[in-house]
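Colleague: Dropping the sequence and predicted coords here.
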Amino acid sequence: MKNHVVCLSTTNYHPLPTRKQNVMSRLRNAEVLYFDPPVSIIAPLKDKKTAPYLRRYEQPGERVEGHENITVYALPPVLPFFNKFRWVNRLNQKRQAAFVRQKMREHGFGEESVLWCYSPTACDIVDQLPHRALVYDCVDRHSAYKGHIDPAVVDQMERELAQAADQVFATAVGLAETLAQVAPTTRLIPNGAAYEIFSRVQTEAGQLPCPDDMKELPHPVFGFVGMLQECIDYALIEKLAKARPDATIFLIGRTLPGVDLTPLRQYPNIVFHDLVPQTALPAYLAQMDVCLNVFRTGALSRDVSPLKFYEYLATGKPIVSTREPLQVENFADVVYIARAEADFLALCDRAAAEHDPQKTAQRLAYGAQCSWSERVHQIEAVLYAKGVLHES
């Protein structure tokens, strides 16, 4: 009998794969209903591009190519300020629950279903959906985000969700320690990488075509892949561009709302590139001499488990990182960690000059240990032992 999994995600299934998609697509013996997060009804006031998303929930479910066991739906739009006022969240979740129940009935999901949640706001929906088990997978310090939130409200919702869960997972030590206070069986399982994709940088070295927009770039090339969000240390990137004008800083990612990168755009040696499909990333990473993992100090950065870091490991390329997120310390033997801002430029130079096959091999080995296949195997082992999921 297949496991029926209802995933209430915080990330759209397309276009950028995160932990949610990587876990759901690797679960064995599972039929998955994946619900993209809702947009606020006032979102178009901030960004007109979001207007079409208000009616996405009316579209039929989408079967994921290559993973026909996953069907993706968009949730109906919600009232704003749900992370600030609990009564707003309760109203939102009542409407969301009616929609999810309808889709569950259409797919034959019932009381045997497993709810798999990623947001503290789900605490107000779980009692309204049929299920036999609840999983909370915590990937961020949600109360540390800025915007229209009340950290105390978010933390309380998270505590209630964790207490109700049959199993809680956390991606960082700080998150796990916090959640273990209300859910003692919380397990730490960090993020991972699609090793089979990113290791191509080494296994197909010299065979990957150089992207047109990376040809004739001055080397060394310092590369960054990921969302350009508030917690990134842009001051360090600017410092590198200013101090090393003959080098190239190549940034692949989409700039999130509220992030002003105007100071960086004055530097001719900083190249901004939009999102690249994951399967095409190895060709870009192959042209980079050093991978950058730079985060500003703070609660959000400390407890983040950046996919980019594990993807960098899987390429075997030299990595320069800030001391946060704290997980980088586990790989200090092969990662150049700038524990003080004053060390950053020198470490960038050392990384760019590295020619050490042993370090490359060790980074690849770490990347394999942190593959999504390994991470999901760890998750499944916990859930099989508890009877939350059935192996067959």
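Modeller: Alright, I've got the coordinates.
Colleague: State the distance from V135 to L345.
Modeller: Applying CB to CB, to the nearest Å, the value for V135 to L345 is 44 Å. The C-beta positions use only the backbone N, C-alpha and C, and glycine is treated the same way.
Colleague: Please compare those two by neighbour count and tell me which comes out ahead.
Modeller: Between V135 and L345, V135 has the larger neighbour count (other CB atoms under 10 Å), namely 24 against 17.
Colleague: and the strand or helix carrying that one, how far out from the chain's middle?
Modeller: In this structure, V135 is located in strand 133-138 according to DSSP states H and E. On the basis of CA atoms, centre = their mean, to the nearest Å, the separation between the geometric centre of strand 133-138 and that of its chain is 16 Å.
Colleague: ok, now stretch 317-335?
Modeller: The gap between the average C-alpha position of stretch 317-335 and the chain average comes to 18 Å, counting by CA atoms, centre = their mean.
Colleague: same check, this time on stretch 140-152
Modeller: With CA atoms, centre = their mean as the basis, the distance from the averaged C-alpha position of stretch 140-152 to the chain average is 17 Å.
Colleague: Now it: buried residues?
Modeller: Buried residues in stretch 140-152, counting neighbours by 16 or more other CB atoms under 10 Å, are found at 140-145, 149.
Colleague: sorry, back to before: which residues does the strand holding V135 contact?
Modeller: By CB atoms under 8 Å, 6 or more residues apart in numbering, the surrounding residues in contact with strand 133-138 are 19-20, 23, 114-118, 122, 126, 158, 161-162, 164-171, 175, 179, 183, 383, 387-388.
Colleague: and if you look at stretch 230-247?
Modeller: When contacts are taken as CB under 8 Å, 6+ apart, the neighbours of stretch 230-247 outside the stretch itself are 146, 218-222, 224, 226, 249, 251, 256, 258-259, 261, 263-264, 267, 269-270, 292, 294-296, 298, 300-301, 304, 322, 338, 341, 344-345, 348, 352.
Colleague: Let me see the ranges of the helices in the stretch 51-200 of the chain.
Modeller: Taking DSSP state H, counting those that start in this stretch as the test, the helices found in the stretch 51-200 of the chain are 86-106, 151-164, 173-180, 195-198, 200-203.
Colleague: what helices or strands is the second one leaning on?
Modeller: What it means is helix 151-164. Counting contacts by 3 or more CB pairs under 8 Å, 6 or more residues apart in numbering; DSSP states H and E, helix 151-164 is packed against helix 86-106, strand 133-138.
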